[in-house]
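Novice: my questions are about this predicted structure, shown below with the sequence.
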Amino acid sequence: TAMPWFSMTKLVTATAAVRLAERGVLDLDAPVAALVPALRSLRPAAWAGQASCRHLLQHTSGLANPVPLRWIHPAEEEGPGLATLVTGLLRTHGRLHFPPGSRSSYSNLGVLVLGRAIEVAAASGFESVVADEVLRPLRLEQTGFHPTPGCPAATGYHPRFSPLRVLLPRWVIGRASGRWLGLRPFLVDGQPYGGLVGPAEAAARFLRMHLRDGELDGTRIISSRAAQGMRRITARGDRYDLGLGWYVPSALRARDPGYVEHLGGGAGFHCLMRLYESREVGVVVMGNSTRFDVDAVADLVFESST
């Protein structure tokens, strides 16, 4: 059953960026404004000129994090192009909050900018790059940025009396079922930060590749050094301590055994991908309600596997 990966998609975006960097297609440490000129409109201009793809991966760019609750469109319609979306959002949120690299603050907008930089560097659309560099090599045939034939889509459910309901577009509200509202099929605007759709089995296969330091079934996606580097936490923040794509909740940085993870939360669905490097165990949890105790489920899975 296919579900939106939401922000778990960021791990795939990060993996694609690192793969391109290893081939010399993308420079993670060069100023990203050379690839995304709209960044030059940000203020202060001196800060904007310092931002790199590595800053975007680590959420240390200083970019704002606008609430993406309405960044969706009906599944049967086309969403906005990435270049148009990024340019519009940078125009609306035109001030950096801190100098790049000085601290970490989570930003969906930053990952959208990274996706646009990937497009320009690879001279191809973001969806095609991710398919060519990650999805097809890993044989994730039922995962992509649109529903795939033969993989039924789950219906998402949102609490009927949640105040967040009023922030959702009216067209997405479906039939009520007890204390839940069913949501009509939708896709996310801006694929790089949260647009993948697919089954938990595909997410688990992607996670196995990272558990094996970048290789699965004889296919190497990224080098062992790069896979380990992605998990290395180098930027501390108030909510998350960041590597490249992976993070650790700041409140749990001393937990034993330690792990890196990425949540994927949004209206109707809640997901988690977690990797316990010292135990060589990975956990994927995907559920079709806006909120449930995903940590309790993940802990149960981990305990049953060790």
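Specialist: Now that the structure is in, tell me what you want to look at.

Novice: could you measure from the residue of the chain most remote from its centre over to Ile221?
Specialist: Farthest-out residue of the chain from its mean C-alpha position, per CA atoms, centre = their mean: Gly178, at 31.5 Å. Taking CB to CB, to the nearest Å as the measure, Gly178 falls 43 Å from Ile221. Every C-beta, even on glycine, is put in place using the N, C-alpha and C of the backbone.

Novice: next one: Asp293
Specialist: From Asp293 to Ile221 the distance is 32 Å (CB to CB).

Novice: looking at these two, which is more packed in?
Specialist: Ile221 (22 against 12; other CB atoms under 10 Å).

Novice: pretty sure the more buried one is touching Arg136, no?
Specialist: No. Taking contacts as CB atoms under 8 Å, Ile221 lies outside contact range of Arg136: 10.8 Å.

Novice: so which residues of the protein form helices?
Specialist: 9-22, 45-48, 53-57, 82-92, 108-122, 126-130, 191-194, 200-211, 224-231, 294-305 (DSSP state H).

Novice: export the ones you listed to CSV and append columns for mean pLDDT.
Specialist: Formatted as CSV, those follow (pLDDT from 0 to 100):
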stretch, mean pLDDT
helix 9-22, 98
helix 45-48, 95
helix 53-57, 98
helix 82-92, 96
helix 108-122, 98
helix 126-130, 98
helix 191-194, 98
helix 200-211, 97
helix 224-231, 98
helix 294-305, 93
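
Novice: can you put the ones you listed in JSON lines and add mean neighbour count and distance to Asp29?
Specialist: Output for these, formatted as JSON lines (neighbours: other CB atoms under 10 Å; distance: least, CB to CB, whole Å):
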{"stretch": "helix 9-22", "mean neighbour count": "25", "distance to Asp29": "9"}
{"stretch": "helix 45-48", "mean neighbour count": "16", "distance to Asp29": "16"}
{"stretch": "helix 53-57", "mean neighbour count": "27", "distance to Asp29": "6"}
{"stretch": "helix 82-92", "mean neighbour count": "17", "distance to Asp29": "21"}
{"stretch": "helix 108-122", "mean neighbour count": "25", "distance to Asp29": "12"}
{"stretch": "helix 126-130", "mean neighbour count": "21", "distance to Asp29": "20"}
{"stretch": "helix 191-194", "mean neighbour count": "27", "distance to Asp29": "19"}
{"stretch": "helix 200-211", "mean neighbour count": "20", "distance to Asp29": "22"}
{"stretch": "helix 224-231", "mean neighbour count": "16", "distance to Asp29": "13"}
{"stretch": "helix 294-305", "mean neighbour count": "14", "distance to Asp29": "34"}
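
Novice: let me see the contact set for the residue nearest to Val129 when sequence neighbours are not counted.
Specialist: The shortest distance from Val129 to any non-neighbouring residue, by CB to CB, 6 or more residues apart in numbering, is to Ala122 (4.9 Å). Residues near Ala122 by CB atoms under 8 Å, 6 or more residues apart in numbering: Leu20, Val25, Leu26, Val129.

Novice: quick one: Ala122 and Arg212, what's the gap?
Specialist: From Ala122 to Arg212 the distance is 25 Å (CB to CB).

Novice: what is the burial count for the nearest residue to Gln50 once chain neighbours are set aside?
Specialist: Nearest residue to Gln50 in three dimensions, chain neighbours excluded: Pro100, at 4.6 Å (CB to CB, 6+ apart). Neighbourhood size, Pro100 [other CB under 10 Å]: 23.

Novice: got a pLDDT number for Pro100?
Specialist: Looking at Pro100, its pLDDT reads 97.

Novice: with the one 4 residues further on instead?
Specialist: The score at Ser104 is 93. That number is its pLDDT.

Novice: equivalent analysis for Ser289, please.
Specialist: For Ser289, pLDDT reads 96.

Novice: which residues does it contact?
Specialist: Taking CB under 8 Å, 6+ apart, one finds Gly156, Tyr157, His158, Pro159, Trp180, Gly268, Phe269, His270 in contact with Ser289.

Novice: mind checking the end-to-end distance for stretch 241-256?
Specialist: 16 Å (CA to CA, to the nearest Å).

Novice: gap between that stretch and the chain center?
Specialist: 16 Å (CA atoms, centre = their mean, to the nearest Å).

Novice: returning to that earlier point: just send the helices of the chain back as CSV, with distance to Pro152 too.
Specialist: CSV is the format used below for the helices of the chain (distance: least, CB to CB, whole Å):
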stretch, distance to Pro152
helix 9-22, 20
helix 45-48, 44
helix 53-57, 33
helix 82-92, 28
helix 108-122, 28
helix 126-130, 22
helix 191-194, 21
helix 200-211, 13
helix 224-231, 32
helix 294-305, 22
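
Novice: right, I'll leave it there.
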